[in-house]
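coords below, sequence missing:
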């Protein structure tokens, strides 16, 4: 394995803070600041502008997009440096992931594998999910076996479906077994919650992440406060506007606003593939996050979601006009012709330079 890359950067955002004229180490385990006075290491490259952790879409379904069918020679642009695929057939994922990486050089792709559910539960009969995308579990033994298989295949998270509006859901005993299996594998547990009482069940079971901001009910303040102490919510607000469901959008936005105000961790996610095909930042999702009161550094934190997944070899490079959170937001939200274009770069790109 090659040594880490030591780089001099004009600016870098590390652990939520901006530093200037910094020496950083870039490796397969992310970016870290080389402290002044540390053992001297040869600076191998210089990176102009600003470097930050990868801009992340924490909820995508690559199998529902054309990202893997594009000609990589077209050089399609994206500001996204990392995506988390939250549900697909495990056997099909390696080819889809390889194609996405070929289409977008530097892209870091993480996967969940299938959605764990009760027999006959969502998304087994949904129409969008191919065979194998739903792991239908009969008991705790099935849960342990499936989670071990996904962990061995390189899954970054475990996903469970608690969609009471589209079929049976795991009962409390099976949900506890799924949570235990995720803990044993050392992986966060992500839940799709839909239907009355499912968000409360997820919290009681120790679910770490909600794949969508809850939208089918207005959650009570006590539940919101408790969730904010332990969970991350992935936004996916704009999907309701795409579906023309104003009530769902209003509920989700209200729930997320109170969750964020209570100190809950929010991650940007679009449910890419569900009514949205552009493999880039979604201005509608950004606008919805701001409508929920997530602005400035909180919005940058949501876009980077550093706590959600272990760091990897990809970072985001921006133009010299970006020097703090405010100017980064301006660059992302400004008119396309005038804004700097952040792009993912990887440790491997620098290694080859």
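Received the coordinates, thanks. All of these numbers come straight from a predicted model, not from anything done at the bench.

Flag the shaky bits of the stretch 51-200 of the chain, pLDDT-wise.
68-76 (pLDDT under 70).

could you show me where the helices are in it, in order?
Taking DSSP state H, counting those that start in this stretch to define them, one finds helices in the stretch 51-200 of the chain at 93-103, 140-152, 172-185, 198-205.

Skip the chain neighbours and tell me the closest residue to residue 317.
In this structure, residue 317 finds its nearest non-sequential neighbour in residue 345, 5.0 Å apart by Cβ to Cβ, 6 or more residues apart in numbering. All C-beta spots, glycine's among them, are computed from the backbone N, C-alpha and C.

That neighbour and residue 98: what is the separation?
19 Å (Cβ to Cβ, to the nearest Å).

More neighbours: these two, which one.
Applying other Cβ atoms under 10 Å to residue 345 and residue 98 shows that residue 345 carries more neighbours, namely 20 against 12.

In contact with that one, which residues?
106, 314, 315, 316, 317 (Cβ atoms under 8 Å, 6 or more residues apart in numbering).

List phi and psi for residue 300.
Main-chain torsions, residue 300, degrees, to the nearest 10: phi -60, psi -40.

What residues does it make contact with?
By Cβ under 8 Å, 6+ apart, the contact list for residue 300 reads 13, 325, 328, 329.

okay but the second one is in contact with residue 297, surely?
Yes. A contact is recorded between residue 325 and residue 297 when judged using Cβ atoms under 8 Å, the distance being 4.6 Å.

Same drill for the two, tell me which one is more crowded.
Between residue 325 and residue 297, counting by other Cβ under 10 Å, residue 325 is the more crowded of the two (20 against 16).

circling back: export the contacts of residue 300 to CSV and append columns for pLDDT and secondary structure.
Below are these laid out as CSV (pLDDT from 0 to 100; DSSP: H, G, I helix; E, B strand; the rest coil):
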residue, pLDDT, secondary structure
13, 96, strand
325, 96, helix
328, 93, helix
329, 92, helix
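
between the residues you listed, which is nearest residue 289?
Proximity of the contacts of residue 300 to residue 289 (Cβ to Cβ) peaks at residue 329, which lies at 10.8 Å.

Just give me the neighbour total for the residue nearest to that closest one when sequence neighbours are not counted.
Once flanking residues are discounted, residue 329 sits nearest to residue 299: 6.1 Å by Cβ to Cβ, 6+ apart. Applying other Cβ under 10 Å, we find 21 residues neighbouring residue 299.

Could you identify the helix or strand that succeeds the helix or strand hosting residue 299?
For residue 299, the enclosing helix or strand under DSSP states H and E is helix 296-304. Per DSSP H and E, the first helix or strand lying C-terminal to helix 296-304 is strand 314-318.

What angle do helix 296-304 and that following strand make with each other?
If you take axes from the mean of the first three to the mean of the last three Cα atoms, to 10 degrees, strand 314-318 sits at 130 degrees to helix 296-304.

Partner strands of strand 314-318 and their direction?
Strand 314-318 pairs in its sheet with strand 45-52 (antiparallel), strand 343-346 (antiparallel), by DSSP bridges.

circling back: of all the helices of the stretch 51-200 of the chain, which one comes closest to residue 56?
With Cβ to Cβ as the measure, helix 93-103 is the member of those nearest residue 56 (14.0 Å).

Spit out the contact partners of the most centrally placed residue in the chain.
For the chain, the residue sitting closest to the mean C-alpha position, by Cα atoms, centre = their mean, is residue 58 at 1.6 Å. Residues near residue 58 by Cβ under 8 Å, 6+ apart: 83, 84, 86, 234, 267, 268, 269, 305, 308.

Residue 52 too?
Applying Cβ under 8 Å, 6+ apart to residue 52 gives the contacts 12, 13, 304, 315, 316, 318, 328.

would TSV of these with distance to residue 32 be doable?
Listed next are the contacts of residue 52 as TSV, based on distance: Cβ to Cβ, whole Å:
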residue	distance to residue 32
12	10
13	12
304	15
315	11
316	16
318	19
328	20
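
What is the most widely separated pair among the residues you listed?
Using Cβ to Cβ, the two most remote members of the contacts of residue 52 are 315 and 328, lying 13.4 Å apart.

More neighbours: the two, which one.
Comparing residue 315 with residue 328 by other Cβ under 10 Å, the one with more neighbours is residue 315, at 30 against 27.

Okay, that one and residue 322: tell me how far apart.
Residue 315 is 13 Å from residue 322, where distance means Cβ to Cβ.

on that earlier part again, any idea how far residue 86 is from the residue nearest to the centre of the chain?
For residue 58, the distance to residue 86 equals 8 Å [Cβ to Cβ].

Likewise for residue 146?
Where residue 86 is concerned, residue 146 sits at a distance of 16 Å (Cβ to Cβ).
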